[in-house]
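Asker: what follows is a predicted protein model with its sequence.
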Amino acid sequence: MNWTVDGHEAYAYSGGKVFDPALPCVVFVHGALHDHSVWTLLARWFAHHGHAVLAVDLPGHSQSAGPPRASVESTADWLLALLDAAGVQQAAVVGHSMGSLIALETAARAPERVTRLVMMATAYPMKVSDALMGTAREAPLQAIEMVNVFSLSSTAAKPSYPGPGMWLHGSNRALMRRTQALAQARLGINLFEHDFGVCDRYANGLQAAAAVRCPVTLLLGGRDQMTTPKNTREIAAALKAEVVTLAAGHSLMAEAPDGVLGALRGALA
Amino acid sequence: MPGSSDPGFDTLALHAGAAPDPSTGARAVPIHLSTSFVFENSEHAASLFNMERSGHVYSRISNPTNAVFEERVAALEGGAGAIATASGQAALHLAISTIAGAGSHIVASTALYGGSHNLLSYTLARFGITTTFVKPADIDGWRAAIQPNTRLLFGETLGNPGLDVLDIPTIAAIAHDASLPLLVDSTFTTPWLMKPFEHGADLIFHSATKFLSGHGTVIGGVLVDSGAFDWQASGRFPELSQPYGGFHGMVFSDESTVGAFLLRARREGLRDFGACMSPHTAWLILQGIETLPLRMARHVENTRKVVAFLAAHAMVAGVGYPELESHTSHALARKLLPRGCGSVFSFDLKGSRRQGQAFIEALKIFSHLANVGDCRSLVIHPASTTHFRMDDAALVAAGITPGTIRLSIGLEDPDDLIDDLKRAFKVAERAA
């Protein structure tokens, strides 16, 4: 479905059902160079089990127009504006990687509107190495290869995502390449460098945590090489979060779709 | 996983898509000969059917052994995913039927396997899908043949049987300028010799019966999607970008940005047409793929020796192998196929049809049969077998003469293969 936010078209996948803002709402926020399609299975499950679902494309990503916001904080403002446009008063917010920081900041900026917060494959601070930022700037396709390998912990994650027969290394690479190419063509920007810069610069995590009022779950990949679980201790303590760790890498939804669904059903119950 | 890039080709050929079986510890890929898979409960069943979970329901749609095969081929091709099919022809049909219907049009190379030519010329025409054939090197012809109802451009990496090298970068650019995908049949080259996605192709299929299996034991096919083509932006593919009544109004391009084509192909094409692969077949092809790098290197090495022998023989009018400077695709082969041009090629025998028959019947190591890509060497006379349905004009267009003989060079000792050919030439000479 499409809404207009700040004069730009904003797309959110509603899980294969007509969006009904009267139902309890779950908002899914993707990470860097990704889009709503990383949430397909979860979005469909929640949409068909009594929820209204908004799996957003962040500005400048895939089907959402407009430039990407310059920071985690301003992207959280965009997300709240999207909720306004969709007629959603309160929602559970689930974010992955960069999206987890946006979810955190959203919960902090509007604590009365966020009923549950789930931060997946997260870390705080989410610093990006100079080497990767440099590669992102100079050779983004090479940087995509690096991130793709770091994001996946196996060459045989079963039953694959969104269904059998998908090669996760190939599909994740194709998604990142396409998102990067679209942003380059439409906006003339290096989205990889932008998104990783947004993660790297975010410095409001602990202050945001202090403002969060809802129950929080951290859902981590025990084999995550992008945002290693050891880098979550401080933010987990600040949020008084329940921490769930799955046997997967950074791409939790793709590598452990059933495990993530089970954890989310618990976290959002 | 170490390193900052995907594992190499040889590693992927052994490991992609497979890990020790978690329930038994089996190291080799188990053969899951089960039609169906038990649901945990009613909710689990419903969520699998409604694509709220990933998993296996019924082996016509997906199967754990087939999934390993699919992931492995996708990994070797650099694709997003794949679908195993009952044959290479089933893979071609699945590709076309997923994005074309009555009133659609295809632009295809003239240099195709006879079965593919037949499918496009006659069978699909009966269902309202028409094809314009273009010589693979006629670049302007490809562009000119595109119509408002065109849905696909299609050719073979190495055209059958003359081995015209498809100029994939150029033809892909023509396709993309028209917001169309390029499908290639990569059977003759396998991803070890060429990865068409790296040159701009969008969809690949193989007759896995051939080199991927490599042992002449099973019939199978596989269709691979790069995940790069933007079906939604194209505006020509409502099958993928508009609600599909056959799956609760699903819009496949919304469900999966890079997997829309494969989702529809599996949830419509495999479900409704049913040309699925047996798990036993998938397992046998996986055994072949594990040694694909070793076999392809030897296939090419042997072929070069046989080609050199034939090119110098007095009874040979010409050898159609793109590594020879005399081949019209030589320059393209150097660019796109630096590892070699495979092991299937044709040569023209001087002499009568009777001499040609005597030649083939005198061979002892080469087996006279209708297949290629076996570990054993094979021979056939295309005009009277694989391409017999084509009329004279189509034969000429495909580069086939009555004296054309096609060889598929296997993994035997190359000296033995050359001795076999020498013996056959002598018999053919006496038959004049």
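Answerer: Noted; the coordinates are in hand.
Asker: what residues of stretch B:260-273 count as buried?
Answerer: For stretch B:260-273, the neighbour count (16 or more other Cβ atoms under 10 Å in any protein chain shown) marks B:260-270, B:273 as buried. No exception for glycine: its C-beta is placed from N, CA and C like everyone else's.
Asker: okay, whatever residue of the stretch 151-300 of chain B ends up closest to chain A: pLDDT?
Answerer: Of all residues in the stretch 151-300 of chain B, B:Gly227 sits closest to chain A, at 3.2 Å by Cβ to the nearest Cβ. What the model reports as pLDDT for B:Gly227 is 98.
Asker: that one: neighbour count?
Answerer: B:Gly227 has 29 neighbours, counted by other Cβ atoms under 10 Å in any protein chain shown.
Asker: for it, phi and psi?
Answerer: Main-chain torsions, B:Gly227, degrees, to the nearest 10: phi 80, psi 0.
Asker: gap between it and B:Gly259?
Answerer: As judged by Cβ to Cβ, to the nearest Å, B:Gly227 and B:Gly259 stand 7 Å apart.
Asker: then B:Gln287?
Answerer: Plainly put, B:Gln287 is 27 Å away from B:Gly259 if you go by Cβ to Cβ.
Asker: who's more crowded, the two?
Answerer: For the pair B:Gln287 and B:Gly259, the greater number of neighbours falls to B:Gly259 (28 against 14), based on other Cβ under 10 Å.
Asker: returning to that earlier point: of the buried residues of stretch B:260-273, list those near chain A.
Answerer: Counting by Cβ under 8 Å from any Cβ of the partner chain, B:262-263, B:266 from the buried residues of stretch B:260-273 sit close to chain A.
Asker: can you tell me which of those residues are in helices?
Answerer: B:262-263 (DSSP state H).
Asker: including pLDDT, could the ones next to chain A among the buried residues of stretch B:260-273 go into a markdown table?
Answerer: Converted to a markdown table, those look like this (pLDDT from 0 to 100):
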| residue | pLDDT |
| --- | --- |
| B:Leu262 | 98 |
| B:Leu263 | 97 |
| B:Arg266 | 98 |
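Asker: distance to B:Ile83 added to the ones next to chain A among the buried residues of stretch B:260-273, as TSV?
Answerer: Output for these, formatted as TSV (distance: Cβ to Cβ, whole Å):
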residue	distance to B:Ile83
B:Leu262	6
B:Leu263	10
B:Arg266	6
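Asker: anything in contact with each of B:Gly227 and B:Gly259?
Answerer: A:171, B:80-81 (Cβ atoms under 8 Å, 6 or more residues apart in numbering or on different chains).
Asker: quick one: which of these is most hemmed in?
Answerer: Going by other Cβ under 10 Å, B:Gly81 tops the shared contacts of B:Gly227 and B:Gly259 with 35 neighbours.
Asker: just give the closest residue to that one, not the sequence neighbours.
Answerer: A:Met166 (3.8 Å; Cβ to Cβ, 6 or more residues apart in numbering or on different chains).
Asker: need phi/psi at the one you found.
Answerer: The phi/psi pair for A:Met166 (degrees, to the nearest 10) is phi -90, psi 140.
Asker: one more: A:Thr245?
Answerer: Dihedral angles (degrees, to the nearest 10) for A:Thr245: phi -120, psi 130.
Asker: one more: B:Pro322?
Answerer: The phi/psi pair for B:Pro322 (degrees, to the nearest 10) is phi -60, psi -10.
Asker: work out for me the element the residue of the stretch 101-250 of chain A found nearest chain B sits within.
Answerer: Among the residues of the stretch 101-250 of chain A, A:Ala174 lies closest to chain B, at 3.2 Å counting by Cβ to the nearest Cβ. A:Ala174 belongs to helix A:168-187 when assigned by DSSP states H and E.
Asker: just checking, what packs against that helix?
Answerer: With contacts taken as 3 or more Cβ pairs under 8 Å, 6 or more residues apart in numbering or on different chains; DSSP states H and E, helix A:168-187 sits against helix A:140-151, helix A:191-201, helix A:252-255, helix B:64-77.
Asker: tell me which of the ones you listed sits nearest to B:Ala233.
Answerer: helix A:191-201 (16.8 Å; Cβ to Cβ).
Asker: the closest one - contacts with which helices or strands?
Answerer: By 3+ Cβ pairs under 8 Å, 6+ apart, helix A:191-201 packs against helix A:72-86, helix A:98-109, helix A:130-138, helix A:140-151, helix A:168-187.
Asker: in a markdown table: the ones you listed, plus distance to B:Leu203 and mean pLDDT.
Answerer: Output for these, formatted as a markdown table (distance: least, Cβ to Cβ, whole Å; pLDDT from 0 to 100):
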| stretch | distance to B:Leu203 | mean pLDDT |
| --- | --- | --- |
| helix A:72-86 | 35 | 98 |
| helix A:98-109 | 31 | 98 |
| helix A:130-138 | 30 | 95 |
| helix A:140-151 | 21 | 95 |
| helix A:168-187 | 13 | 98 |
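Asker: deepest-packed of these, please.
Answerer: Most buried of these by mean neighbour count (mean count of other Cβ atoms under 10 Å in any protein chain shown) is helix A:98-109; its value is a mean of 28.
Asker: what about B:Phe347, distance to B:Pro382?
Answerer: Going from B:Phe347 to B:Pro382 by Cβ to Cβ gives 12 Å.
Asker: and B:Leu421, by the same measure?
Answerer: 18 Å.
Asker: and what of A:Ile144?
Answerer: From A:Ile144 across to B:Pro382, the span is 44 Å (Cβ to Cβ).
Asker: surely A:His48 and A:Lys17 touch.
Answerer: Yes - between A:His48 and A:Lys17 there is a contact under Cβ atoms under 8 Å: 6.6 Å.
Asker: the nearest residue to A:Ala81 once chain neighbours are set aside bridge partners, please.
Answerer: Closest residue in space to A:Ala81, ignoring its immediate chain neighbours: A:Val5 at 4.9 Å, by Cβ to Cβ, 6+ apart. When bridges are called by DSSP bridges, A:Val5 pairs up with A:His8.
Asker: how about the contacts made by A:Val5?
Answerer: A:59, A:66, A:78, A:81-82, A:85.
Asker: gap between it and A:His194?
Answerer: The value you get for A:Val5 to A:His194, if Cβ to Cβ is used, is 18 Å.
Asker: surely A:Lys127 is in a strand?
Answerer: No - the assignment for A:Lys127, made by DSSP: H, G, I helix; E, B strand; the rest coil, is coil rather than a strand.
Asker: before we move on, back to that, so which of the helices and strands packed on helix A:168-187 is the most surrounded?
Answerer: With neighbours defined as mean count of other Cβ under 10 Å, those peak in mean count at helix B:64-77, which reaches a mean of 28.
Asker: and that helix, anywhere near chain A?
Answerer: Yes - contact of helix B:64-77 with chain A (Cβ under 8 Å from any Cβ) involves B:64, B:66-68, B:70-71, B:74-75.
Asker: which bits of the stretch 101-250 of chain B sit near chain A?
Answerer: B:226-228, B:230, B:248-250.
Asker: now, those residues that are in strands?
Answerer: Members of these lying in strands (criterion: DSSP state E): none.
Asker: so how do I select the buried members of those in ChimeraX?
Answerer: Those of those that count as buried under 16+ other Cβ under 10 Å are selected in ChimeraX with:
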select /B:226,227,228,230,250
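Asker: contact partners for the residue nearest to B:Gly81?
Answerer: Contacts of A:Met166 (Cβ under 8 Å, 6+ apart): A:160, B:71, B:74, B:80-81, B:259, B:262.
Asker: for the host helix or strand of B:Ile174, packing partners?
Answerer: Using DSSP H and E, the element containing B:Ile174 is helix B:168-177. Identification of packing neighbours for helix B:168-177 by 3+ Cβ pairs under 8 Å, 6+ apart yields helix B:139-145, strand B:150-156, strand B:182-185.
Asker: got those as CSV, with mean pLDDT columns?
Answerer: Formatted as CSV, the helices and strands packed on helix B:168-177 follow (pLDDT from 0 to 100):
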stretch, mean pLDDT
helix B:139-145, 98
strand B:150-156, 98
strand B:182-185, 98
